[in-house]
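In: Give me a 3D structure for the following:
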Amino acid sequence: MTRETASAAISPASWAARFAWGVLGLLLLAWTVFEAAKHTGLTIPFAVTGLLVPFLTRLAPGSAAVQHTLLRVWIPFAVMAICSVIPGPSDNTAAPFTFGMAWLTHIALRRALGYGLRSS
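Out: Below you'll find the predicted structure:
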């Protein structure tokens, strides 16, 4: 019986990590809403789609592998980085940048709630 309670306890490091993901997720959510309201147009549907990408992957064949790939932090971060270095007016890259930021927001809030990558 003590073995079950010891394994059920969550380490303080994981609480700290979940708290950090939560803070990051809330900041990204505020930034996503700000960018969508600032640029309007296609930015709003791109932001909503970015938030829903991991949910929509459940409909895909081989969904565990697809969702596992799409829940990596580096993919939406790469989308944001690429949009940041493209020269030209920010209105041209605002929608894909906001898409990546909304996607990253979903991942951060998901990890803050304790949902990591799927095992299978």
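
In: The longest helix that the chain contains: how far from the chain's middle?
Out: Longest helix in the chain by number of residues, with DSSP state H as the criterion: helix 12-39. Helix 12-39 sits 9 Å away from the centroid of its parent chain (Cα atoms, centre = their mean, to the nearest Å).

In: what packs against that helix?
Out: Packed against helix 12-39, as judged by 3 or more Cβ pairs under 8 Å, 6 or more residues apart in numbering; DSSP states H and E, are the following elements: helix 43-56, helix 90-112. (C-beta placed from N, C-alpha, C; glycine too.)

In: Could you pull out the buried residues of the shortest one?
Out: Of the residues in helix 43-56, those with enough neighbours to count as buried (16 or more other Cβ atoms under 10 Å) are 43-44, 46-47, 50-51, 53-54.

In: thinking again about what came up before, sort out which residues of the longest helix of the chain are buried, please.
Out: Neighbour counts over helix 12-39 (16+ other Cβ under 10 Å) mark 21, 24-25, 28-29, 32, 35-36, 39 as buried.

In: So, low pLDDT: which residues of the protein?
Out: 1-13, 117-120 (pLDDT under 70).

In: what do you get if the cut-off is 50, keeping everything else the same?
Out: For the chain, the stretches with pLDDT under 50 are 1-8, 120.

In: Tell me how far residue 76 lies from residue 99.
Out: To residue 99, residue 76 is 8 Å away according to Cβ to Cβ, to the nearest Å.

In: Can you pull the residues that touch both of the two?
Out: When Cβ atoms under 8 Å, 6 or more residues apart in numbering defines a contact, the residues bordering residue 76 and residue 99 alike are residue 50.
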